[in-house]
Structure formats: C-alpha cells, structure tokens
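Undergrad: give me a model of this one.
(2 chains)
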Number of protein chains: 2
Amino acid sequence: MRKSESTGRRRTAKRAVKNLPQREDGAQTRQQLLEVAGQLFAEHGYARATSKEICERAGTNIAAVNYHFGGKEGLYAAVLEEAHARLVSIELVTTTTQGDADAGGKLRILLTQVVGEIARRDRDTWALRVLSREVMAPTPMMDRMISSQIQPKLKLVAGMIAQAIGVPPSHPAVSRCLVSIIGPCGFLLITNPDWQKQVFPSFTLDPQTLVEHMVTFALGGLQAVAASVQRSNRR
Amino acid sequence: MRKSESTGRRRTAKRAVKNLPQREDGAQTRQQLLEVAGQLFAEHGYARATSKEICERAGTNIAAVNYHFGGKEGLYAAVLEEAHARLVSIELVTTTTQGDADAGGKLRILLTQVVGEIARRDRDTWALRVLSREVMAPTPMMDRMISSQIQPKLKLVAGMIAQAIGVPPSHPAVSRCLVSIIGPCGFLLITNPDWQKQVFPSFTLDPQTLVEHMVTFALGGLQAVAASVQRSNRR
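TA: Down below sits the predicted model:
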C-alpha cells in the first residue's frame, strides 16, 4: 500500500482527485482495491463488507470504486473473477488441455495447481475463502465469474474428458465425470480443515500424495465409465 | 403437532406440567422438539434460532428442552445426530458392509440411500440443510455427531474399502479413497442446485443414473488404487 494513499482519506471525489499524486497509477489503485476488497469479502461476506471500509483500508475514495468497478456489486464480481483465476488460470487450462500429454498427464498438471491452492488456503489467501462462501450461498454477482471463468475452463476440461471416455462433449457422462473429479476438490475446499482431520483420521492434505491419488482414481474411474458407455452403445 | 400442545403456550414449567395432558407422551414431545428445532436450525442457523421460538412452535415450554436435551446446545447436538441418521442410518451401513454382496453391490446400496436423500433435499427436509450448514461452519456441538454417527459409519465403510483395495483399514490410501467417493456426494449436498445447473449444463440430479455412474467410477478408481498400492509394495 502506498503511504500517500493510505494516510489521506478524502470525503469527496472532487477533493480526492485534486489531492491524488500527479502520476496516479490507475492499474495499481484497481489492484489495491481488488486485494483489500477480497480480504474483506472473505472475512465478512459480501453483504457485511462495506464500500466505505474497503476504500478506507485501500487508502482510496468511493469514486475510485465507481470509476474502476461501477460500484460495490461490480467490485465484488471482479473479486470473484480474480479469485477463480487464482485457483486456476484460463491460460494454464488452455495450454494443458490443448497440449500433447495424455489424459493422466493433463489431469496431473491441473490437479497439482488446484490441490496446491487448496492446501495453501489458510495462509492469508482470500481467494478460496471468497469462492467457497459464494458457492455455498450464491449471489447474482456470480454470473460474471461463471461465464468469464468457470464455463470456458470447464468447456476445455470437458473436451479433454469426452476424448478420454470416447463420447461427444455434450454426452451427460461427461458432466457426471466432471462432478466425480471436481467434487472431491470442491469438498476439500469447502469443508473445514479441522473437521476433515476429525472425520478422516489418517487423511492429510499433502498435495503431492493427494494429487497422485486423485490422478490414479480419476483415470481408473474414467476407464470404467468409458467401458460402460461402450457396452451400452453396443446394446 | 398435537392440538393441545400447539395452542397452549405456557409461561412457566410449573404451570406447563400442571396443564399437560394426563398421559403425557415424553417420547412424542422429544420428537416434536427435534422436528421443530431441526426446521428452525436449518432456516436460521444455530446462533439465530432461539429456544423460545422452538418451544413456541413446538407448543411446549423451555423446561421440556432442558428435560429432554439439557438445553439448546444439547438439543442442537441431538438435531445433528438425527440429521446424519436420516442421511444414512447406522443400521443400513452395518447390514450393508457386513453383508455378502461384492464391493460394487455394497456401494450401490449406500450411494442409493445418500444420493436419494440429496436429490430430495429441497422438499421440506431440514436434515441435509442442517448438516451442510454445520460442515461449512462447524460448532463444538458437532463432536457428538462425529463420535456417535460419522465415525462408526465411516469405520465400517473404511473396512469395506480397505478390503476392496487389499490394505489394512489404517492405510492412508483408505482415507484418500473415502474422500474420492464421499467428496462428490458432499459437493452435491453443499453446493446450491441452481449453481450446479449453471456450471454443469447437462448434469441432472437423477438418482438412478447418478448412482450407477458413481458406482462405476468408484469401482474403477478403487481398482486403479489397488494396482498402484500393489506396485509400490513390490518396490
């Protein structure tokens, strides 16, 4: 946080603009707002985090929220998009699914990223806390994240799975396989780590071992589903 | 709800006892309190549902909560236990895991019960809403449900999985397989159905198809994990 922004809290947009440093870096202010808003939304939830508090902590003014995000709703929608990009970026999903590796290799790359983030989630990262809050109690602001982040990524992964089990991407078996592979990640992301320890005594969120297990289990599952789909096609 | 209980709201325990029907059915009052409390905890969460409101709706008095449950905390702990028993009873888990069917047959019985409950969850059942609230934001009152409901059931299922992959029940691969099999159910239980439809376009929570998929995927996954464990034992 830049000192000049954090100390000068301005009451009106007019005064704020007048008092801002000469070479105001818009991109940096935007990033600073996203970061602070992410932390506050993770802590208090969308409804209870106020624009006023976000701006005070970011050392900026309400006008900046309106200018960069069109208001609190837009800021929250942007926070959700940023959170999903931090869980797994569209660039990684694209290069991985379009790459030359086999299904196991591709799953390993994607699960290493996602499980790594889940294992790190308690170390001051707001992204996954915001995401799990939203998935449990969705707001209308999630639509933008679904269309700009989740759907394009899932479409790529669905294509990869469709290929692995030998069906078109629109086949309902693809969605069911997505739930089987993504479900355990979502479950580990949403449930409380202390609860996990109590319930699964010998379970540890050690990313390397867990990713290897998940890849093995998923490949075995996909193979069995592929065989089952072939059997029912033959009937 | 019995008319005599629902209409007469009494202010003190003394008057209540005096005014109760001659053959007061303690078990029925207990059940009525559980049912009403389950609905209110599902609606408002533990913190915001008050004993006063529960008793008013149940047509009973605070003394009954203390008598049957030792207070609001005990009532909530009992609601959690009841909720997990409704998701899947210890009797079903015992007879299934100890039965003669193969791993696939046993998984089919258990998943049919659990997925069936999840598919029904929006039709006036409080049990799963209370459970998902609690798993997302655990309270100390969950300990009793974990020790009396989750642990004995998971121990039986863990034994079944250990047998299927050929390792002792304490092997860490067993816990990971539990997460792989239970995770998708937990994910479907906790996430919002509207969100599921938006994110997985061709996914439907049709219990029969979903259970068949889950059994197929799980058996394939378990087989792959078993082969992997054998390979690493040989090294």
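Undergrad: give me the element the residue most central in space within chain A is part of.
TA: For chain A, the residue nearest the mean C-alpha position is A:His84 (2.1 Å; Cα atoms, centre = their mean). Using DSSP states H and E, A:His84 falls within helix A:72-87.
Undergrad: just the buried residues of that helix, please?
TA: Within helix A:72-87, the residues that count as buried by 16 or more other Cβ atoms under 10 Å in any protein chain shown are A:72, A:75-87. Where you see a C-beta, it was placed from the backbone N, CA and C, and this is true even at glycine.
Undergrad: contacts for the helix or strand just after that helix, please.
TA: Using DSSP H and E, the helix or strand that directly follows helix A:72-87 along the chain is helix A:90-97. Residues from elsewhere that reach helix A:90-97 (Cβ atoms under 8 Å, 6 or more residues apart in numbering or on different chains): A:Lys106, A:Ile109, A:Leu110, A:Gln113, A:Gln149, A:Pro152, A:Lys153, A:Leu156, A:Val157, A:Gly159, A:Met160.
Undergrad: domain ranges for chain A?
TA: Chain A is divided into the following domains under automatic domain parsing: A:3-70, A:87-234.
Undergrad: pick the most buried one from these.
TA: Burial of the domains of chain A is given as mean neighbour count (mean count of other Cβ atoms under 10 Å in any protein chain shown); domain A:87-234 ranks first at a mean of 18.
Undergrad: give me the mean pLDDT for it.
TA: Regarding domain A:87-234, the rounded mean pLDDT is 92.
Undergrad: what about that domain, distance to the chain center?
TA: Computed by Cα atoms, centre = their mean, to the nearest Å, the chain-centroid distance of domain A:87-234 equals 12 Å.
Undergrad: among the contacts of helix A:90-97, which ones are in strands?
TA: If you go by DSSP state E, those have nothing in strands.
Undergrad: farthest-apart pair in those residues, please.
TA: Farthest-apart pair in the contacts of helix A:90-97 is A:Lys106 and A:Gln149; separation 19.1 Å (Cβ to Cβ).
Undergrad: what kind of secondary structure is A:Gly60 in?
TA: Check again: residue A:60 is Thr, not Gly. coil (DSSP: H, G, I helix; E, B strand; the rest coil).
Undergrad: for it, phi and psi?
TA: Phi and psi for A:Thr60, reported as degrees, to the nearest 10, are phi -130, psi -170.
Undergrad: so it sits against A:Gln31, correct?
TA: No: the pair A:Thr60 / A:Gln31 is not scored as a contact, 11.3 Å apart, by Cβ atoms under 8 Å.
Undergrad: pretty sure A:Ile182 sits against B:Thr191.
TA: No: when contacts are counted by Cβ under 8 Å, A:Ile182 is not listed as touching B:Thr191 (10.4 Å).
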